[in-house]
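Engineer: fold the following, please.
(one chain, ligands or ions: 1)
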Amino acid sequence: RRLLLLNGPNLNLLGVREPGIYGSATLADVERIAADAAAAYGYETRAVQSNHEGVLLDAIHDAREDCGGIVVNAGAYTHTSVALRDALTGVALPFAEVHISDVYAREEFRHFSYLTDVAAVHVVGEGVDGYATAVRRLIALLEGQAD
Ligand code: DQA
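Structural biologist: Reported below is the predicted structural model:
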């Protein structure tokens with residue numbers, strides 16, 4: 001009953017980074033929002049943030065040991081990384097793709113995601129509360145409930 005919460009490049013800058021787009025909440029706030037949402041269902045989260053693609057891949061591989069699913073905001077790697085997609089499909093853990101901003105209302109290059117067609121849950125444009133939505137929907141799926 002554990003989820004990996006994975007945040008990719010530049011998400012360590014939440015709170016100071018383009019607040020008009022991403023808001024004022026920090027990465028610590030995001031990690032708390034996800035942990036609280038999970039705790040309500042008796043789950044815990046392991047939070048990893050990295051600006052390095054390989055570290056994200058290693059964290060996904062490690063999740064096989066002790067996690068039932070993954071909540072991932074891959075940041076810009078969403079739009080570029082076949083390797084990240086392959087890691088997620090490789091470990092075969094159900095995962096939720098989260099984006100704080102509404103990527104479809106932004107630049108064209110953000111409209112395509114390497115993750116969306118293989119994601120079990122997809123949450124965009126809900127701000128940092130989207131992490132709680134993603135946790136809830138992923139747990140509902142893991143517990144075999146429709147949501
Ligand atoms: C993001 C959207 C991506 O396009 C961007 O590169 C990010 C953050 C989001 O949460 O809205 O780093 O994933």
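Engineer: which secondary element of the chain has the worst mean pLDDT?
Structural biologist: Using mean pLDDT, DSSP states H and E, the weakest-scoring helix or strand in the chain turns out to be helix 19-22, at a mean of 93.
Engineer: ok, residue 37 - contacts?
Structural biologist: Contact analysis of residue 37 by CB atoms under 8 Å, 6 or more residues apart in numbering lists 131-132, 135-136. To be clear about C-beta, it is placed using only N, CA and C from the backbone, and glycine gets the same treatment.
Engineer: so how far is residue 82 from it?
Structural biologist: Separation of residue 37 from residue 82 (CB to CB, to the nearest Å) stands at 30 Å.
Engineer: surely residue 71 touches residue 98?
Structural biologist: Yes. Contact criterion CB atoms under 8 Å: residue 71 and residue 98 qualify, at 6.2 Å.
Engineer: what sits in contact with each of those two?
Structural biologist: Residues touching both residue 71 and residue 98 (CB under 8 Å, 6+ apart) are 131, 134.
Engineer: just to revisit the earlier point, looking at the contacts of residue 37, which is nearest the ligand?
Structural biologist: residue 131 (9.7 Å; CB to the nearest ligand atom).
Engineer: the strand or helix carrying residue 131 and the ligand in contact?
Structural biologist: Assigning secondary structure by DSSP states H and E places residue 131 in helix 130-142. No. Using CB under 6 Å from any ligand atom, helix 130-142 stays clear of the ligand, with a minimum separation of 8.1 Å.
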